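Colleague: I would like to see how this sequence folds:
(one chain, ligands or ions: 1)
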Amino acid sequence: MKVLTIIGARPQFIKACMLSKALRSNAGVNEVLVHTGQHYDNNMSTVFFNQLKLPEPDVYLGIGSGTQGEQTGKMLSELEKVILSSNPDMVVVYGDTNSTLAGSLAAAKLHIPVAHVEAGLRSFNRQMPEEVNRVVTDHLSHWLFCPSQTAAENLRREGMEEQIVVTGDIMYDAVLHFKKHAEEQSTILQDLSLPESDYYLATIHRAENTDDPKRLKSILDALQQLHKKVILPLHPRTKRKIDEFSFNDSIDTAHIEVVEPLDYFDTLALATRASVILTDSGGLQKEAYMLQVPCVTLRDETEWMETVKTGWNQLAGADREEIINTVMKQRTSKESPPIFGDGNASQKIAETLVSDLNHKERI
Ligand code: UD1
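Modeller: All right, here's what the predicted structure looks like:
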């Protein structure tokens with residue numbers, strides 16, 4: 001049985017590492033791993049493969065950056081060739097990036113059933129490229145593997161009951177699996193001479209924040225005025241925008257420590273010990289919850305409302321005052337219901353796929 005997996009961006013390397021392991025433990029499964037090259041810098045791609053022991057991609061497309069249509073279009077045309085030549089029984093895509101959309105579209109047009117891991121998320125904001133990618137991918141997919149009940153409810157409202165499988169969140173599998181490795185192997189706290197639990201970890205990369213100079217400046221000003229030191233691993237997109245808008249002077253490096261994008265273990269180690277995480281990343285909002293660290297989300301809405309409802313996550317948008325006030329009134333909530341499942345999502349996904357492919361009449 002041949003499974004073609006399509007990945008291309010940082011969070012997909014983490015998710016795929018867990019499912020690849022589960023799939024490849026089945027003797028009859030032959031996985032073909034395709035990397036679109038959406039992320040291509042060493043610290044955005046290669047380090048994840050090495051650290052997570054993800055197998056080398058069988059196919060590397062090297063698409064690189066571009067406008068939304070240009071990047072997705074190039075991927076679509078290259079992925080079609082790969083799918084035609086490898087003739088898989090199914091295609092697996094993850095999350096909501098342009099690699100996800102191109103992969104699901106190429107497969108669906110060639111009548112290859114698609115499995116969408118992390119299905120059903122909605123921000124209800126179509127301005128986000130990720131929201132468009134999610135909606136289209138869900139509607140093209142045969143298996144919709146949902147990380148949470150909220151995700152499943154979203155899909156039911158869109159009439160997709162039949163394909164839903166609630167598995168829990170595959171990123172939770174990864175956190176449980178790698179947390180100890182991160183604690184043992186990461187030296188980031190010592191490298192940055194950080195006092196434990198006396199710093200904030202911040203990340204900014206969403207187009208809505210990086211490409212709007214008003215929002216970006218307001219967030220940077222807020223970070224500058226927080227009363228603890230801020231560690232800011234800088235995504236290449238954000239770095240470029242800070243240079244373009246000449247905001248470098250707004251960053252007092254004695255207070256905001258700007259570092260290169262971090263690998264997974266350093267991110268987990270820093271996140272675990274942070275007193276608050278400030279982020280516009282979906283993944284880090286979830287990891288904050290999983291690690292029981294309060295989170296302030298630098299967006300006006302979130303796909304992960306469960307984390308807000310439990311009190312661990314608060315939406316602050318990009319307003320300077322709002323961000324500062326929200327950080328000040330953070331509290332450690334005591335309730336941590338298992339909203340992301342039991343850490344066995346990858347196993348459940350692999351079992352469903354293998355069982356269905358052994359009974360092709362179900363597809
Ligand atoms: C993408 C996803 C986003 C996901 C994020 C994870 C889409 C639409 N967005 O956003 O959902 O949360 O990945 O990180 O797919 N760049 C480099 N080197 C790299 C990669 C990117 O310099 O290795 C720079 C390029 O200037 C590029 C910009 O970052 O133009 C944006 O990269 P892109 O892959 O388009 O989107 P992300 O912002 O990373």
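
Colleague: Give me every residue in the protein lying close to the ligand.
Modeller: For the chain, the residues in contact with the ligand (Cβ under 6 Å from any ligand atom) are 9-11, 38-41, 44, 65, 96-98, 129-130, 205, 236-237, 240. (C-beta placed from N, C-alpha, C; glycine too.)

Colleague: So which of these are in helices?
Modeller: Judged by DSSP state H, helices contain the following of the residues of the chain next to the ligand: 10-11, 98, 129-130, 236-237, 240.

Colleague: is it possible to export those to TSV including pLDDT and neighbour count?
Modeller: Shown next, in TSV, are these (pLDDT from 0 to 100; neighbours: other Cβ atoms under 10 Å):
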residue	pLDDT	neighbour count
Arg10	96	23
Pro11	96	22
Asn98	98	26
Pro129	96	18
Glu130	96	20
Pro236	96	16
Arg237	96	16
Arg240	97	12
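
Colleague: does Gln127 count as helix, strand or coil?
Modeller: Following DSSP: H, G, I helix; E, B strand; the rest coil, the label given to Gln127 is coil.

Colleague: now the residue nearest to it when sequence neighbours are not counted: how far from the ligand?
Modeller: Closest residue to Gln127 apart from its sequence neighbours, by Cβ to Cβ, 6 or more residues apart in numbering: Glu208 at 6.9 Å. Using Cβ to the nearest ligand atom, to the nearest Å, we find Glu208 at a distance of 11 Å from the ligand.

Colleague: Also Ala174?
Modeller: Ala174 is 15 Å from the ligand, by Cβ to the nearest ligand atom.

Colleague: now Val308
Modeller: Counting by Cβ to the nearest ligand atom, the gap from Val308 to the ligand is 19 Å.

Colleague: ok, residues contacting the helix or strand encompassing that residue?
Modeller: Val308 is part of helix 305-309 when elements are defined by DSSP states H and E. Here helix 305-309 makes contact (Cβ atoms under 8 Å, 6 or more residues apart in numbering) with 148, 150, 285-286, 288-289, 295, 297, 302, 313-315, 339.

Colleague: I'd like to know which of those residues are part of helices.
Modeller: Judged by DSSP H, the contacts of helix 305-309 include 150, 285-286, 288-289 as members of helices.

Colleague: Go through the contacts of helix 305-309 and name the one nearest Asp173.
Modeller: Closest approach between the contacts of helix 305-309 and Asp173, by Cβ to Cβ: Lys286, at 11.9 Å.

Colleague: With neighbour count and pLDDT as extra columns, can I get the ones in helices among the contacts of helix 305-309 in JSON lines?
Modeller: Formatted as JSON lines, the ones in helices among the contacts of helix 305-309 follow (neighbours: other Cβ atoms under 10 Å; pLDDT from 0 to 100):
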{"residue": "Thr150", "neighbour count": "17", "pLDDT": "95"}
{"residue": "Gln285", "neighbour count": "24", "pLDDT": "98"}
{"residue": "Lys286", "neighbour count": "24", "pLDDT": "97"}
{"residue": "Ala288", "neighbour count": "27", "pLDDT": "97"}
{"residue": "Tyr289", "neighbour count": "26", "pLDDT": "96"}
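
Colleague: Any stretches of the stretch 101-250 of the chain with poor pLDDT?
Modeller: Scanning the stretch 101-250 of the chain for pLDDT under 70 picks out no residues.

Colleague: ok, which stretches of it are helices?
Modeller: Taking DSSP state H, counting those that start in this stretch to define them, one finds helices in the stretch 101-250 of the chain at 129-140, 149-157, 170-185, 188-191, 207-210, 213-225, 236-244.

Colleague: Compare those helices and give me the one nearest Lys348.
Modeller: helix 170-185 (9.5 Å).

Colleague: list the helices and strands the closest one packs on?
Modeller: Counting contacts by 3 or more Cβ pairs under 8 Å, 6 or more residues apart in numbering; DSSP states H and E, helix 170-185 is packed against helix 10-24, helix 264-273, helix 282-291, helix 345-358.

Colleague: okay if I get those helices as CSV plus distance to Val136?
Modeller: Converted to CSV, the helices and strands packed on helix 170-185 look like this (distance: least, Cβ to Cβ, whole Å):
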stretch, distance to Val136
helix 10-24, 17
helix 264-273, 28
helix 282-291, 18
helix 345-358, 21
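
Colleague: Just the C-alpha atoms of the biggest helix by length in the chain, please, in PDB.
Modeller: Of all the elements of type helix in the chain, the one with the most residues (DSSP H) is helix 68-86. Provided in PDB are the C-alpha atoms of helix 68-86 (Å, rounded to 0.1, in the frame of the first residue of the first chain):
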ATOM      1  CA  GLN A  68       0.100  33.100  -2.900                       C
ATOM      2  CA  GLY A  69      -1.000  32.100  -6.400                       C
ATOM      3  CA  GLU A  70       2.500  31.700  -7.800                       C
ATOM      4  CA  GLN A  71       3.800  29.500  -4.900                       C
ATOM      5  CA  THR A  72       0.600  27.400  -4.900                       C
ATOM      6  CA  GLY A  73       0.500  27.100  -8.700                       C
ATOM      7  CA  LYS A  74       4.100  25.900  -9.000                       C
ATOM      8  CA  MET A  75       3.500  23.300  -6.300                       C
ATOM      9  CA  LEU A  76       0.300  22.200  -8.000                       C
ATOM     10  CA  SER A  77       2.000  21.500 -11.300                       C
ATOM     11  CA  GLU A  78       5.000  19.700  -9.800                       C
ATOM     12  CA  LEU A  79       2.900  17.700  -7.400                       C
ATOM     13  CA  GLU A  80       0.700  16.500 -10.200                       C
ATOM     14  CA  LYS A  81       3.700  15.000 -11.900                       C
ATOM     15  CA  VAL A  82       4.900  13.300  -8.700                       C
ATOM     16  CA  ILE A  83       1.500  11.800  -8.000                       C
ATOM     17  CA  LEU A  84       1.100  10.600 -11.600                       C
ATOM     18  CA  SER A  85       4.600   8.900 -11.500                       C
ATOM     19  CA  SER A  86       4.300   7.300  -8.100                       C
END
